[in-house]
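J.: sequence and predicted structure are below.
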Amino acid sequence: MQICKMIFLCLCLASFAFGAEKTAERLLWDKLQGKMEQGISGQFRLTKSVAKISKEFVSQGNFSVSKKDGIIWETEKPFPDLNVFHIEKLQEYFSGDFEELQKKFDMKLKRSELADTLNLFPKEKNVKKIITSATLLVKGDYLQSCKIIWANKDYAFYEFMVP
C-alpha cells in the first residue's frame, strides 16, 4: 500500500517544476501546478484491486497538499491512518522535473470538452516490472482521479473530491 501511495504522490508532485516549451502535456501540468501551489484539500476514495483473488478493497478519507506542509493523507475508513509526506523527501525519489518525467515515461494526452486524460507508460525495463501505466484524469482545474496499473494486473484507483 505504501508503494502505491508513493508512486501516486510522486506523479502528483511532478507538477511542481516546469520551464520553457509549452506542449499540451506541459500546459496540463502547469494548470495542476498552480493549484498545488495554492494548496488543495478534499476527500479521497481509493479502490485497490487484487487480481489474484478478484477482490477490491476500498478506503476513504481526507487529503491536503501544499508546498509548505507537504501531503497529509488521512484514511478514515476502513481503518484510521495518518501519513504525512514532506515535499523535500518525496522529491528525493522523484525530481518533479518535466524533462525527467518525459525521459522516464511515454505520455499520451487525450483532450475533450469534459476532461483531459494523461496516460503515462514507463520506458525503463525495471520500472515496467512494477508498473504498467498511470492514468490521470483532470476536470477543470483539478486532478479528479489517478489509476495505477501494476505489472501483476492489480490496480489502485484514486478519486478526489475537491470542494
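T.: Okay, I see it.

J.: where does this structure have low pLDDT?
T.: For the chain, applying pLDDT under 70 flags the ranges 1-38, 87-99.

J.: strands of that one, start to end?
T.: 40-50, 55-66, 70-77, 81-85, 105-111, 116-122, 131-139, 142-150, 155-161 (DSSP state E).

J.: each with direction, which strands does the first one pair with?
T.: So the one you mean is strand 40-50. Within its sheet, and counting by DSSP bridges, strand 40-50 is paired with strand 55-66 (antiparallel), strand 155-161 (antiparallel).

J.: so which of these comes closest to residue 149?
T.: Of all these, it is strand 155-161 that lies closest to residue 149, at 4.7 Å by CB to CB. (Glycine included, C-beta is placed from N, CA and C.)

J.: who's in contact with that closest one?
T.: 4, 8, 42-49, 63, 142-150 (CB atoms under 8 Å, 6 or more residues apart in numbering).

J.: still on that earlier bit, deepest-packed of the strands paired with strand 40-50, please.
T.: strand 155-161 (a mean of 18; mean count of other CB atoms under 10 Å).

J.: select only the buried ones of the contacts of strand 155-161 in ChimeraX?
T.: Remark: buried members of the contacts of strand 155-161, expressed as a ChimeraX selection using 16 or more other CB atoms under 10 Å:
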select :4,8,44,46,48,49,63,143,144,145,146,147,148,149,150
